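Asks: here's a sequence, model it:
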Amino acid sequence: MLVAAVQRLEAEAPNFSESGPRANPVGQTETLEVYSVGTIKADRSSIILLDPILFAPGILGREDGLIQSFEDHNVYILMWKNHSPIQTTVMGTEIEKAISLVRTDCECNQFVAGGVSLGGQRWLPYLGRLEPSGEAMQDPRGNRIYSVFFLGSGLDYAYPGSLYRSPSFPVGEDLSNQCLNLTGPCLGFIDTRHIKAGLQLRTIPESVVPDDLGAVRMFPSIREMSIPVAFIFGKIDGFSPEETLYPVFSVWGEKTYLQKLRKQFSPYDTDNPVLWLEGSEANRIHDYDHFDLFLHPDAEDEIYEELVDWIEDAKRKPTD
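Replies: Numbers count the residues shown, from 1 in each chain. Predicted coordinates:
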């Protein structure tokens, strides 16, 4: 049975391009499959990416893509076996178990949590399980998270006209036909250049947070965070626009020393513990839509380098 399980994990591993990194099965929990990506070294910190859900993760491993930008870090990706809604408490404990598998595999205990696309919202139940521990926050199993980033990850949809209040978005439907089936669900507004670049749609997941509640009300622990966080979004992103992030950005760590370190009027500095980066011409870069964040040819220079600098430079404790 063990051999069969390993073979299944290998068969379902994220499919990166031939020139991209290889995804290797590490293990699984009841609801998550865990993969390492590329070479793993014990003396590195590890970036853990959570299943984007909206699209297949293969584009993350493209040449000059997000994963390649993390070349000085270990990279792991957690993939949900099923995208159906599950209880938030179960979601949090399952992610915790998966990170424990990562810790055993890499023999390290310095982690960065990475949310990409619509799947990033599922980090919230896990983050609510963390307690401050020096420069990190620690879960009940002893896994230590040093920072968090959300790249194109909407967190709060409690506003008029949001994705989950609009009939234009077929939530929970299978989108893998790429609009080739004229009778099936289709996101016809997506630029065909993204499809040509390798985008493979999957499904729009149910929101973790009810659209009439709000993320901060559901997860008040956001106010207690003591680790740095980065919010990165595109100016013309219709899936995870600025409105889905600002409620969380505005209160992250407000009850801890992190608030004292925040540069309220210069949130783009890479040593800022609460980074706010909009992909827009106003920031002397391109106006990014949702999929540009993962496929734009200039994303490495304009987005990913900023993110990597922030992971390494973000302030994590008060200075005397």
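
Asks: may I ask which helix or strand of the chain has the lowest mean pLDDT?
Replies: helix 2-11 (a mean of 49; mean pLDDT, DSSP states H and E).

Asks: which positions in the lengthiest helix in the chain come out as buried?
Replies: What stands out as the longest helix in the chain, according to DSSP state H, is helix 88-106. Residues 88, 91-103, 105-106 are the ones in helix 88-106 that count as buried (16 or more other C-beta atoms under 10 Å). In this view, the C-beta of every residue, glycine as well, is placed from N, C-alpha and C.

Asks: can you pull out the helices in the stretch 101-250 of the chain?
Replies: Assigned by DSSP state H, counting those that start in this stretch, the helices in the stretch 101-250 of the chain fall at 123-127, 192-196, 215-218, 246-249.

Asks: of those, which is nearest residue 151?
Replies: helix 123-127 (11.7 Å; C-beta to C-beta).

Asks: following the least confident helix or strand of the chain, which helix or strand comes up?
Replies: strand 23-28 (DSSP states H and E).

Asks: now that following strand against helix 88-106, angle please.
Replies: Angle of strand 23-28 versus helix 88-106, following axes from the mean of the first three to the mean of the last three C-alpha atoms, to 10 degrees, is 120 degrees.

Asks: avg pLDDT for strand 23-28?
Replies: Mean pLDDT, strand 23-28: 96.

Asks: so which other helices or strands are in contact with it?
Replies: Applying 3 or more C-beta pairs under 8 Å, 6 or more residues apart in numbering; DSSP states H and E, one finds that strand 23-28 contacts helix 2-11, strand 32-37, helix 88-106.

Asks: give me the beta-bridge partners of the most centrally placed residue in the chain?
Replies: Centroid check for the chain by C-alpha atoms, centre = their mean gives residue 115 as the closest residue, at 1.0 Å. The partner list for residue 115 in beta bridges (DSSP bridges) reads residue 50, residue 150.

Asks: quick one: residues contacting it.
Replies: Taking C-beta atoms under 8 Å, 6 or more residues apart in numbering, we find residue 115 in contact with 50, 121-123, 148-151, 153.

Asks: and of those residues, the nearest to residue 294?
Replies: In terms of C-beta to C-beta, no member of the contacts of residue 115 lies closer to residue 294 than residue 151, at 7.9 Å.

Asks: show me where this structure has strands.
Replies: Along the chain, the segments classed as strands by DSSP state E run 23-28, 32-37, 46-50, 74-80, 111-116, 131-133, 136-138, 144-151, 229-234, 274-279.

Asks: now tabulate those strands in a markdown table and tack on distance to residue 308.
Replies: Formatted as a markdown table, the strands of the chain follow (distance: least, C-beta to C-beta, whole Å):
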| stretch | distance to residue 308 |
| --- | --- |
| strand 23-28 | 21 |
| strand 32-37 | 16 |
| strand 46-50 | 10 |
| strand 74-80 | 12 |
| strand 111-116 | 10 |
| strand 131-133 | 24 |
| strand 136-138 | 19 |
| strand 144-151 | 10 |
| strand 229-234 | 11 |
| strand 274-279 | 12 |
